[in-house]
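>>> Fold the stuff below for me.
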Amino acid sequence: SNPNEALGVAASLAPISMRMRARFCLLLCASLPSLLEALRRSSGVLQREPPVAAAPTVDDGDQLLLSVDEVAFGVLTCSRYLSSRLDAQQQTWLRHVKHVVAFTDERPLDADKLGIELVVEKPPMGPKELLEPGDGARRALSMVETLYRRFPKAKWYFFVDDDTFVYVPTLLSQVLSRRNPGAAHYVGWAYRAGKDLHGWQPGQYMPRIAIGGAGFAMSAELMARLAPEVPRCRSAYTWDWPGDLRIAQCVFDLGYDVEDDKHLHPEGPRVEFSFGRSSWSEGEPPVSFHHLAPQEMMELSKAEVLTVSDGHGTADFAALALAEFRHQEFSLGLTLHGRFGLEVNVSGEGVPGSSPLQANSMQSFRAAAWASGHDFEQVYRGGACPSAPSSNIQVRLELRCGNCPARSLTQQMGSAEPLAPCGAEALGKCSYRLLLATQRCPTHEPMAQPTGRASGLR
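Numbers count the residues shown, from 1 in each chain. Take a look at the predicted model:
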């Protein structure tokens, strides 16, 4: 009850308490590595520090010249979609690549007629695997390993899903040529997986993932390091993990994080624009879009590659793909706003009815007649005209290579946009004409040959 006695007892016990705490800390520190190793072995998840910094990109002035023949492409598909999604890719952007392999779960009887190399991947069922045997996630790591063994001399490897559309010229110029393939690069649209997946330990660092649907690239240097690790990763990383997470964790084990790239998109164009996501917000064209039906791939391709009038060459408009434009024609009370190859909307006091007119389907794309004052033209069509139900909404977009005509206000003011509006006029009820100028007109190239079996980089 004496306060002084109590203080004395406490003081005499303090050294003992300090010694016990110190001994406990020493024992804990000594056993911590073995505890962590036990956790690692029981879970199959490697515990790592945050990854090292990504290799630097190449300055714009020092971009590396890269040919599509130096890139190997891998497409993750399945037998169910060979005649629909994969076929649409072969008819569109895959026509412009040389080295490509499609990875599927089963080989169809008419595989030789598909015109593309097929690899059937059926990795063994691991003890912790929670996904069905046919799930594409189980084949993702095998796809990485196999594509590297198929094309060990490639400078870059690009992986996509079978419902992805790729603007190949933009992939080369805006993504791959800006990086050195001799350094380790893992490039994609970065996100983090949900916390509800199996296999994660409390407090474990979760790596960012390059989502497969948007497409992701790996440099030759990274692939040389990653391929030998695939057997280990294929056994260690299973559970209910999506395929791109299994790949990301294996890359993370080597000490590398994904380099987030704005040119790659995990959804279709209209969904991306509704979220306000577009590489055009920074003045650069897109590389990829995902979750596309075969018909949507066909429409994007039709707006990108134009066969010239003689039928022996093509003009590729990937540098203008889905570029935004807006023009106000004050004399008509009209505003025309749209995206190149996708749609044109007309609004203002000069339109019939109370709602904007939507021409949301590109019907044709062709070279213009000689001496017409422009070089190319597209026709967009929409629904019925409010004031003339028997007629459809229609906008003719005329593209002029170079500058607007000298009389144009845009020409006098100048424009830093990829598409400079020069002027518009009404052609009839719900029918309009818009003239645009661009400095990004493509040159004509020889007609590309259809994609055949992969060869050349072996």
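>>> Okay, now the sheet partners of the biggest strand by length in the chain, with direction.
The longest strand of the chain (DSSP state E) is strand 388-401. Strand pairing for strand 388-401, using DSSP bridges, gives strand 376-385 (antiparallel), strand 431-438 (parallel).
>>> most tightly surrounded among those strands?
strand 431-438 (a mean of 23; mean count of other C-beta atoms under 10 Å). (Each C-beta comes from the backbone N, C-alpha and C, glycine too.)
>>> Once you drop chain neighbours, what's closest to G338?
V344 (3.6 Å; C-beta to C-beta, 6 or more residues apart in numbering).
>>> quick one: pLDDT of that neighbour?
Looking at V344, its pLDDT stands at 97.
>>> what helix or strand is it on?
V344 belongs to strand 343-347 when assigned by DSSP states H and E.
>>> one step back: from F376, how far off is the residue nearest to G338?
Remark: distance between V344 and F376 (C-beta to C-beta, to the nearest Å) = 15 Å.
>>> Next: V100.
The gap separating V100 from F376 is 29 Å, by C-beta to C-beta.
>>> Equivalent analysis for A220, please.
A220 is 38 Å from F376, by C-beta to C-beta.
>>> do the same with Y432
Counting by C-beta to C-beta, the gap from Y432 to F376 is 17 Å.
>>> again, but for R339
Remark: distance between R339 and F376 (C-beta to C-beta) = 16 Å.
>>> and if you look at L399?
As judged by C-beta to C-beta, L399 and F376 stand 4 Å apart.
>>> Over to R95?
Distance from R95 to F376, by C-beta to C-beta: 20 Å.
>>> Next: E398.
With C-beta to C-beta as the criterion, E398 and F376 are 8 Å apart.
>>> Which residues are in contact with each of the two?
Counting by C-beta atoms under 8 Å, 6 or more residues apart in numbering, the residues touching both E398 and F376 are A368.
>>> Show me where the stretch 51-200 of the chain has its strands.
For the stretch 51-200 of the chain, applying DSSP state E, counting those that start in this stretch gives strands covering 71-76, 99-104, 117-120, 156-161, 165-166, 186-188, 190-191.
>>> And these: which comes nearest L147?
strand 71-76 (4.4 Å; C-beta to C-beta).
>>> Who does the closest one pair with, and is each partner parallel or antiparallel?
The strands beside strand 71-76 in its sheet (DSSP bridges) come out as strand 99-104 (parallel), strand 156-161 (parallel).
>>> Pull out the buried residues from whatever helix or strand S364 lives in.
Using DSSP H and E, the element containing S364 is strand 361-367. Buried residues in strand 361-367, defined by neighbour count with 16 or more other C-beta atoms under 10 Å: M362, F365, A367.
>>> And stretch 266-284, by the same measure?
P266, E267, G268, P269, E272, F273, R277, S278, S279, W280, E284.
>>> And stretch 185-200, by the same measure?
H185, Y186, V187, G188, W189, A190, Y191, A193, G199, W200.
>>> Nearest to T443 among those?
For the buried residues of stretch 185-200, the nearest to T443 is V187 (27.7 Å; C-beta to C-beta).
>>> Would you enumerate the residues in contact with the closest one?
With C-beta under 8 Å, 6+ apart, V187 has these contacts: V175, R179, A210, F216, A217, M218, V258, E259, D261, L264.
>>> Thank you kindly, that will do.
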